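# No sequence on hand, only this structure:
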């Protein structure tokens with residue numbers, strides 16, 4: 001759409017006919033609103049991935065085509081008034097003698113005064129205010145979740161700088177979106193004020209307002225052109241931060257498991273009873289790590305040595321007891 005828009009502004013005339021005028025207004029407005037809607041959905045999806053990764057609603061598999069089709073239908077419905085009223089208009093250029101010097105054709109969408117205020121207001125609401133609120137809230141919650149995951153690791157890992165870069169990337173995305181879309185919608189609202197009964201309170205000259213509309217109309221294109229750069233960098237940094245946090249948590253969990261296992265072993269070895277040792281040895285050997293297997297094997301050998309020692313002691317005591325009885329009988333026989 002940019003080449004058509006640039007040609008229209010530079011020539012001051014529309015040369016592409018009625019059909020292309022309809023297509024221009026349709027694609028222009030649907031594309032702007034749809035891009036904002038998709039950015040909002042991406043922000044909400046990022047929030048769900050980071051802050052609610054195990055939500056049961058996330059287990060439902062929705063087709064992307066269904067989501068895009070639903071959003072597209074809703075956007076076309078919102079843009080239907082400006083599409084319906086878009087048309088080419090002939091403008092007569094008169095000379096000083098009121099003779100026709102030239103005829104220029106413009107491509108406009110002149111909504112009636114009864115429709116224009118409502119159209120601009122709900123377009124601002126659905127195209128700017130609601131997306132900015134949702135994108136900002138989801139970004140704030142993502143930043144808080146990243147800080148929460150990182151808070152327990154700041155003293156033990158250089159991850160703080162990585163999370164800081166991710167937070168700066170999130171802030172850059174929000175600021176870039178606001179900086180490109182806020183001037184555009186401000187110019188649209190000022191145009192609404194100029195065409196209403198409040199025009200006497202507007203101190204901006206019509207020429208300056210027209211130039212403002214011309215400049216700000218290119219900002220959404222700049223936003224669309226730069227989004228892939230900002231979002232690619234943001235997703236990469238968030239993925240790196242999440243991976244580092246997850247790996248650090250896994251290492252701490254393994255260390256805690258080994259510490260608890262060592263404590264259980266020491267308590268078991270200090271006991272005279274070997275039942276606890278056998279239970280621990282069974283649990284450790286049941287695991288799939290080498291550490292658990294070796295510890296379980298050590299406990300098993302220790303329990304076997306303990307049993308052998310006890311059995312040998314019992315046998316010696318029994319033999320001693322039997323020997324004492326034989327000596328007593330011999331003494332009795334001698335006396336007799």
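In hand now; what should we look at? In this text the structure is predicted, and so the values were computed from the model without any measurement.

# okay, and for the protein, where does confidence drop off?
Of all residues in the chain, those with pLDDT under 70 make up the ranges 1, 53-62, 149-166, 195-202, 237-250, 252-253, 256-336.

# Strands of that one, start to end?
For the chain, applying DSSP state E gives strands covering 86-94, 100-109.

# Not counting its own residues, what contacts stretch 79-91?
Stretch 79-91 has contacts (CB atoms under 8 Å, 6 or more residues apart in numbering) with 14, 17-18, 21-22, 24-26, 29-30, 33, 76, 103-112, 115, 119. Quick note: C-beta positions are derived from backbone N, CA and C, even for glycine.

# do the same with stretch 128-138
By CB under 8 Å, 6+ apart, stretch 128-138 touches 36-37, 39-40, 43-44, 46-47, 173-174, 177-178, 181-182, 185.

# Check stretch 35-54 too.
So stretch 35-54 is contacted by 55, 58, 67, 71, 74-75, 127-128, 130-131, 134-135, 138-139, 141-142, 145-146, 177, 181, 220, 223-224, 227, 231, 235, 238, 242 (CB under 8 Å, 6+ apart).

# Show me the domain layout of this protein.
Using the TED database, the domain parsing of the chain gives 1-147+160-230+242-251, 271-307.

# Now those in TSV, please, with extra columns for mean neighbour count.
Shown next, in TSV, are the domains of the chain (neighbours: other CB atoms under 10 Å):
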stretch	mean neighbour count
domain 1-147+160-230+242-251	15
domain 271-307	15
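
# what's the closest non-adjacent residue to residue 192?
Spatially, and ignoring its direct neighbours in sequence, residue 192 is nearest to residue 120 (4.8 Å; CB to CB, 6 or more residues apart in numbering).

# Same list, the strands of the chain, but as TSV with distance to residue 203 please.
Converted to TSV, these look like this (distance: least, CB to CB, whole Å):
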stretch	distance to residue 203
strand 86-94	28
strand 100-109	26
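
# Of all these, which one comes closest to residue 5?
Among the strands of the chain, the nearest to residue 5 by CB to CB is strand 100-109 (10.2 Å).

# What strands line up against the closest one, and which way round?
The strands beside strand 100-109 in its sheet (DSSP bridges) come out as strand 86-94 (antiparallel).

# re earlier: quickly note the distance from the residue nearest to residue 192 to residue 107.
19 Å (CB to CB, to the nearest Å).

# How about residue 99?
On the measure of CB to CB, residue 99 and residue 107 end up 26 Å apart.

# who's in contact with stretch 167-186?
36, 39, 124, 127-128, 132, 135-136, 139, 142-143, 146-147, 212, 215-217, 219-220, 222-223, 226-227, 230-231, 233-234, 237-238.

# Sitting in helices, which of those residues do you find?
36, 39, 124, 132, 135-136, 139, 142-143, 146-147, 212, 215-216, 219-220, 222-223, 226-227, 230-231, 233-234, 237-238 (DSSP state H).

# Start from the N-terminal end of the protein and give the helices.
Counting by DSSP H, the helices of the chain are 2-11, 17-51, 64-84, 116-124, 130-151, 159-194, 206-216, 219-269, 275-286, 290-335.

# what helices or strands is the shortest one leaning on?
Just to be clear, that refers to helix 116-124. Counting contacts by 3 or more CB pairs under 8 Å, 6 or more residues apart in numbering; DSSP states H and E, helix 116-124 is packed against helix 64-84, helix 159-194.

# what's the closest of those helices to residue 254?
helix 159-194 (17.7 Å).

# Could you check the angle that closest one makes with helix 116-124?
180 degrees (axes from the mean of the first three to the mean of the last three CA atoms, to 10 degrees).

# what is the orientation angle of helix 159-194 with helix 206-216?
Using the same axes, to 10 degrees, helix 159-194 lies at 150 degrees relative to helix 206-216.

# angle of helix 159-194 against helix 130-151?
Going by the same axes, to 10 degrees, helix 159-194 is angled at 170 degrees with respect to helix 130-151.

# report the angle between the axes of helix 159-194 and helix 17-51?
Going by the same axes, to 10 degrees, helix 159-194 makes 150 degrees with helix 17-51.
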